[in-house]
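A.B. asks: Any chance you could fold what I've pasted below:
(one chain, ligands or ions: 1)
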Amino acid sequence: MCGIVAYVGPKDAASILLEGLQRLEYRGYDSAGLAVVNAKSLKTRKVKGRVADLAAAVPAKFKGTSGIGHTRWATHGAPSDVNAHPHLDQEQRVAVVHNGIIENADELRRRLEGEGVKFESETDSEVLSQLVGRMVKETDSLREAVSRALKSVVGTYGIAVIDAQRPGEIVVARNGSPIVLGLGEKEMFAASDVAALIRYTRQVVHLEDGELAVIKADGFNTFTSDARETAKEPFTVDWDAGHYDNGGYEHYLLKEISEQPDTVARTLRGRIDDRFHIAHLGGLNMDARETRSFRRVKIIGCGSAYYSGQMGAQLIEELARIPADAEPASEFRYRSPVVEPDTLYVAISQSGETYDTLAAVQELKRKGGRVLGIVNTVGSAIARETDGGIYLHAGPEVSVASTKAFTSTAVAFALLALHLGRVRDLSPADGRRICEGLRRLPEQIKEILTLEDRIRDLAKKYADSPGMMFVGRVRGYPVAREGAQKLKEISYVHAEAYPASELKHGPLALISPELPTVAIVPDDELLDKNLTTLGEIRARHGRILMVGHRTSEAADDCIVVPKNEVELDPILLTIPLQLFAYHAAVALERDVDRPRNLAKSVTVE
Ligand code: AGP
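C.D. replies: Below you'll find the predicted structure:
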């Protein structure tokens with residue numbers, strides 16, 4: 001989604017802003033722009049296209065020591081030079097970049113136009129620059145002008161504002177869309193994502209909803225919307241710039257798939273207790289008595305995070321024998337859910353900033369729900385809002401399609417299920433079995449990665465199909481859903497996932513030689529039932545790619561992965577499907593890391 005970067009300090013702002021914008025490219029965007037303050041005037045450049053196009057459009061003499069930059073993902077008004085940010089007020093004194101959506105933009109626009117204001121763009125964001133432009137004449141404080149402007153606004157925003165009359169100062173504000181400050185040596189940064197500032201500093205401060213900050217080269221001050229100063233403690237991000245490099249891989253996605261032996265090991269590190277065969281999860285902030293008191297677990301997340309939640313629900317039911325289910329956070333938040341005191345809620349998010357998930361967490365908290373977070377990004381909004389949780393420690397995920405965060409989330413759920421199980425009825429012997437299985441995962445993932453050449457050939461073979469069906473039963477169903485999600489997301493091949501048991505209740509009508517099926521067939525108690533399903537597909541002349549622990553004559557092609565404990569097998573079965581989707585997308589010459597219409601972190605409704 002849109003990206004913001006801001007800089008104030010002694011260096012050339014434009015080059016720092018361009019570098020920051022490049023680091024935000026992974027989030028998905030369609031246009032880019034920047035503005036700097038120089039000799040009490042604003043210099044602005046905006047283009048439809050890539051950050052490289054913007055860099056080419058910025059003249060050599062574009063000097064300024066404070067400025068703001070933006071990558072836009074169009075919501076109001078088509079991608080165009082004029083709709084790109086920053087937006088200025090009509091006197092060209094104030095420039096604003098904005099992430100989020102201003103819901104009452106039409107009404108504000110009509111009111112301002114009635115007062116004689118001329119708008120340049122079709123965006124909702126321009127009302128902000130025009131409002132601040134009017135307010136800044138009524139007060140000698142830019143913070144006060146921004147604060148007054150925001151009082152008339154309904155909607156979500158992360159903004160950065162500069163004023164030509166105040167070269168050494170930037171005001172940023174947050175409501176529902178992330179803003180993080182970066183503290184440098186006699187220079188300050190702000191951005192919507194630490195990726196934009198990690199090359200310069202790892203000392204950061206996150207703004208809360210409703211907060212504003214004034215940043216200057218020598219420091220920052222934060223305020224509530226009613227102008228009370230707030231105290232903030234900086235913390236050190238444990239990722240560095242190297243984590244954002246592609247490591248010599250052709251795509252970030254392949255790098256992130258290949259990293260999984262390490263990322264899974266990091267999620268597990270220090271969390272397995274061999275004495276009592278339980279998981280150490282200090283971040284849950286719950287004692288054994290409280291942990292035993294829950295009678296239900298409800299998991300929420302969006303997209304792949306939701307599918308990993310389905311895997312998690314299965315693990316919790318099996319190992320802890322607590323009823324558990326997963327639901328898209330985007331649906332949960334709109335349906336006035338019944339929030340019960342004996343239910344443990346778990347919110348999942350790689351970014352920790354997905355607006356739908358954050359809003360669902362806030363709704364739960366309002367209703368007194370106990371919410372844990374399974375989050376990758378330390379210090380992110382969802383991590384801050386939840387009562388406790390588990391960090392994935394998977395490192396930054398840059399490619400839009402989630403891979404390593406998915407597997408680490410499933411592993412985190414296995415740890416949570418083990419923990420909940422061992423304070424209930426899971427026997428020490430079963431606890432030991434799961435601990436040993438978890439320890440085997442990194443080596444087994446390495447083994448699966450050696451299948452890449454074969455999976456590439458299979459992906460080429462199936463990539464030109466008009467669509468693919470993915471089926472799995474019980475433990476295999478979330479695997480099938482995530483496999484279909486990966487394929488459609490990055491290759492644009494239509495992919496539909498069904499529980500294998502549901503096939504004969506409708507979708508079997510679709511089966512034909514033109515619609516191949518990827519069948520998830522683990523060696524578990526449902527093996528025979530799954531093999532029967534393969535027979536049904538074959539009888540309708542459907543082609544089958546089977547992913548499981550053995551080969552079968554019922555399938556045209558098979559990918560065989562190493563076997564772990566039945567409860568943990570879904571984690572391993574996911575990985576060949578990631579490689580399959582990746583190589584299908586490469587074969588179809590797709591923009592693998594930045595699939596069309598998608599953004600890495602969906603910070604709007
Ligand atoms: C996954 O491949 C997708 N890019 C998407 O479904 C993603 O998982 C979803 O938007 C949730 O993101 P989050 O984990 O950052 O909350």
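A.B. asks: isn't Val5 right up against Glu25?
C.D. replies: No. Using Cβ atoms under 8 Å, Val5 is not in contact with Glu25; the gap is 11.5 Å. For glycine as for every other residue, the C-beta is placed from the backbone atoms N, C-alpha and C.
A.B. asks: Please name every helix or strand in contact with the helix ranked longest in the chain.
C.D. replies: Looking across the chain with DSSP state H, the single longest helix is helix 428-449. Applying 3 or more Cβ pairs under 8 Å, 6 or more residues apart in numbering; DSSP states H and E, we find helix 428-449 packed against helix 260-268, strand 272-273, helix 404-422, helix 569-587.
A.B. asks: just checking, what packs against the first one?
C.D. replies: The one in question is helix 260-268. Secondary-structure packing of helix 260-268 (3+ Cβ pairs under 8 Å, 6+ apart): helix 404-422, helix 428-449.
A.B. asks: can you put these in CSV and add distance to the ligand, mean neighbour count and mean pLDDT?
C.D. replies: Shown next, in CSV, are the helices and strands packed on helix 260-268 (distance: least, Cβ to the nearest ligand atom, whole Å; neighbours: other Cβ atoms under 10 Å; pLDDT from 0 to 100):
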stretch, distance to the ligand, mean neighbour count, mean pLDDT
helix 404-422, 6, 28, 98
helix 428-449, 18, 18, 98
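A.B. asks: In terms of pLDDT, where does Ala39 sit?
C.D. replies: Per-residue pLDDT puts Ala39 at 82.
A.B. asks: Which residues of the stretch 251-400 of the chain lie near the ligand?
C.D. replies: 302-305, 349-351, 354, 357, 400 (Cβ under 6 Å from any ligand atom).
A.B. asks: Apart from its neighbours in sequence, what residue is nearest the closest residue to the ligand within the chain?
C.D. replies: The nearest approach of the chain to the ligand comes at Gly303, 1.8 Å away (Cβ to the nearest ligand atom). Spatial nearest neighbour of Gly303, excluding adjacent residues (Cβ to Cβ, 6 or more residues apart in numbering): Gln485 at 6.8 Å.
A.B. asks: How many residues are close by that neighbour?
C.D. replies: 22 (other Cβ atoms under 10 Å).
A.B. asks: for it, what are its contacts?
C.D. replies: By Cβ atoms under 8 Å, 6 or more residues apart in numbering, the contact set of Gln485 is 303-304, 307, 495, 497.
A.B. asks: Tell me the backbone dihedrals of it, please.
C.D. replies: phi -60, psi -50 (degrees, to the nearest 10).
A.B. asks: Can you check the pLDDT for it?
C.D. replies: pLDDT, read off for Gln485, is 98.
A.B. asks: Give me the distance between it and Val479.
C.D. replies: Distance check for Gln485 against Val479: by Cβ to Cβ, to the nearest Å, it reads 11 Å.
A.B. asks: Likewise for Leu531?
C.D. replies: Counting by Cβ to Cβ, the gap from Leu531 to Val479 is 17 Å.
A.B. asks: where does Thr71 land in three-state SS?
C.D. replies: Using DSSP: H, G, I helix; E, B strand; the rest coil, the structure places Thr71 in strand.
A.B. asks: That one: how many residues sit nearby?
C.D. replies: 31.
A.B. asks: again with the one 10 residues further on
C.D. replies: For Asp81, the number of neighbouring residues by other Cβ under 10 Å comes to 14.
A.B. asks: Quick check: phi and psi on it?
C.D. replies: According to degrees, to the nearest 10, Asp81 has phi -60, psi -40.
A.B. asks: Can you get me the start-to-end distance on stretch 25-41?
C.D. replies: Taking Cα to Cα, to the nearest Å, stretch 25-41 runs 28 Å from one end to the other.
A.B. asks: My guess is Asn38 contacts Lys63. True?
C.D. replies: Yes. In this structure, Asn38 is within contact of Lys63 by Cβ under 8 Å, at 5.5 Å.
A.B. asks: Compare the two and say which one has the larger neighbour count.
C.D. replies: Higher neighbour count among Asn38 and Lys63: Asn38, with 19 against 13, using other Cβ under 10 Å.
A.B. asks: Assign a three-state SS to the nearest residue to the more buried one once chain neighbours are set aside, would you?
C.D. replies: Nearest residue to Asn38 in three dimensions, chain neighbours excluded: Gly64, at 4.2 Å (Cβ to Cβ, 6+ apart). Per three-state DSSP, the secondary structure class of Gly64 is coil.
A.B. asks: Gly64 - how many residues pack around it?
C.D. replies: If we define neighbours as other Cβ under 10 Å, then Gly64 has 22 of them.
A.B. asks: That one and Pro10, how far apart?
C.D. replies: On the measure of Cβ to Cβ, Gly64 and Pro10 end up 12 Å apart.
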